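Chemist: just coords:
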């Protein structure tokens, strides 16, 4: 299968228009067909040794969401204390989750024992199963954007507290991502942490090295092409 | 921005047609414009606290590739010893990388110190910066598929050996993904580990729980919708 220019552009548009959604969730339910497609997109992520280590815990019950929200508030209070002065004020003004508003919360977990102790491709990088699960998160996030469904990843949670709320009792199951999902009033044009002055997008050319770490010079230096593509893609 | 049915389908087609490529690389160079778009797709991944912790180390020099290939061979011999009997034979017959054939190797790293010791969203999950880098890998992988560029992730490498070859001397820089990239003769229709009998795709319905871990029953049970969407999407 090869892709037309228009199809290719649709993929880039999805990538560049994806946002971490915290505050714009609508109560409209996500139809089963749409939610199924999102889960299939996640399930077709790459995984080390074709391990497919993920599970999908779909949370709709308000009581469960409320417990997770309380765990967020506790963790967020602890996190806020890491900042001081004006930055602490700015931190406390940020809305960082939509746990209660989003019609669906989804916890994506990694079962580190899914294939037994030996997994093809994991001998030297045991964390590859966690990385596979993150690839599944990103597949779901992009498919959701194309469906008009917003996704927000809440990482301000104590993993042990989250496991307790979700009744995950064994050490091999790791909650990798806690996602809030729902249709939205709108998607922001820029990441909120940029538009709210927290941190700006870095110049991608400054992040590229050639053939060895720290080497910024090369006969194949990409700066010009990168600049041209950024302008074409309106980034 | 909202997406038409055709645009949405292009995103799904890309997700479902993406493969881990090991053996089909062509020597044709990747034009700078295409490579730039792939790096921009990666750079627009989500990142914790808008940290953007990634660097892109582009490797074209044959001497560097050869050293990495030697490191792969050493790691692969060690990994093969983990298997026994028929499985060990099957393991040794698998082609698991295209380091020397792929015109470009790309090491995506995570700088764990990019924003200093305190990062929004990372207090309770310090691994979030690594996960952000994996999101960037998956963005690049999908954009590459839409461009007709194959990508293979080589995880059979000792990270310390890889750091030494790439002259990464500080502990804060973690090589997250070593990718082989290039145009390909063709993409496989199924993951090779499935078609070669190593491991089959799991039934996604068996991986879904509702409201708490292990709970497979729900008034919102998705099995039927999931089956219908799988058939529609020809999965």
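Modeler: Arrived safely. Note that the coordinates shown come from a computational prediction; the quantities given were computed from them, not determined experimentally.

Chemist: C-alpha only now, for contacts and for neighbours.
Modeler: Will do.

Chemist: Show me what the lowest-mean-pLDDT helix or strand in chain A is packed up against.
Modeler: Of all the helices and strands that make up chain A, helix A:85-93 has the lowest average by mean pLDDT, DSSP states H and E, namely a mean of 93. The helices and strands touching helix A:85-93, judged by 3 or more CA pairs under 8 Å, 6 or more residues apart in numbering or on different chains; DSSP states H and E, are helix A:62-80.

Chemist: Can you check what angle separates the helix it packs on from helix A:85-93?
Modeler: For helix A:62-80 against helix A:85-93, the angle by axes from the mean of the first three to the mean of the last three CA atoms, to 10 degrees is 180 degrees.

Chemist: Give the buried residues for helix A:62-80.
Modeler: The neighbour-count check on helix A:62-80 (16 or more other CA atoms under 10 Å in any protein chain shown) flags A:64, A:65, A:68, A:69, A:71, A:72, A:75, A:76, A:79, A:80 as buried.

Chemist: what does stretch A:17-32 give?
Modeler: For stretch A:17-32, burial by neighbour count (16+ other CA under 10 Å) applies to A:17, A:18, A:19, A:20, A:21, A:22, A:23, A:24, A:25, A:26, A:32.

Chemist: still on that earlier bit, near chain B, which of the buried residues of helix A:62-80 show up?
Modeler: A:64, A:75, A:79 (CA under 8 Å from any CA of the partner chain).

Chemist: how about these in a markdown table, adding distance to residue A:125 and pLDDT?
Modeler: Output for these, formatted as a markdown table (distance: CA to CA, whole Å; pLDDT from 0 to 100):
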| residue | distance to residue A:125 | pLDDT |
| --- | --- | --- |
| A:64 | 34 | 98 |
| A:75 | 30 | 98 |
| A:79 | 30 | 96 |
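
Chemist: that older thread, what's next to the least confident helix or strand of chain A, contact-wise?
Modeler: The contact list for helix A:85-93, computed with CA atoms under 8 Å, 6 or more residues apart in numbering or on different chains, reads A:80, A:81, A:82, A:83.

Chemist: With stretch A:1-17 instead?
Modeler: With CA under 8 Å, 6+ apart, stretch A:1-17 has contacts from A:142, A:145-146, A:187, A:189, B:1, B:3, B:6-8, B:10-11, B:14, B:17, B:41, B:44-45, B:139, B:142-143, B:146-148, B:187.

Chemist: What's the biggest strand in chain A, counting residues?
Modeler: The longest strand of chain A (DSSP state E) is strand A:173-183.

Chemist: Mind giving me the packing neighbours of the helix or strand just after that one?
Modeler: Moving toward the C-terminus from strand A:173-183, the next helix or strand (DSSP states H and E) is helix A:192-195. Where contact means 3+ CA pairs under 8 Å, 6+ apart, helix A:192-195 is not packed against any helix or strand.

Chemist: Buried ones in helix A:192-195, by neighbour count?
Modeler: Buried-residue list, helix A:192-195, by 16+ other CA under 10 Å: A:192, A:193.

Chemist: All set, thanks.
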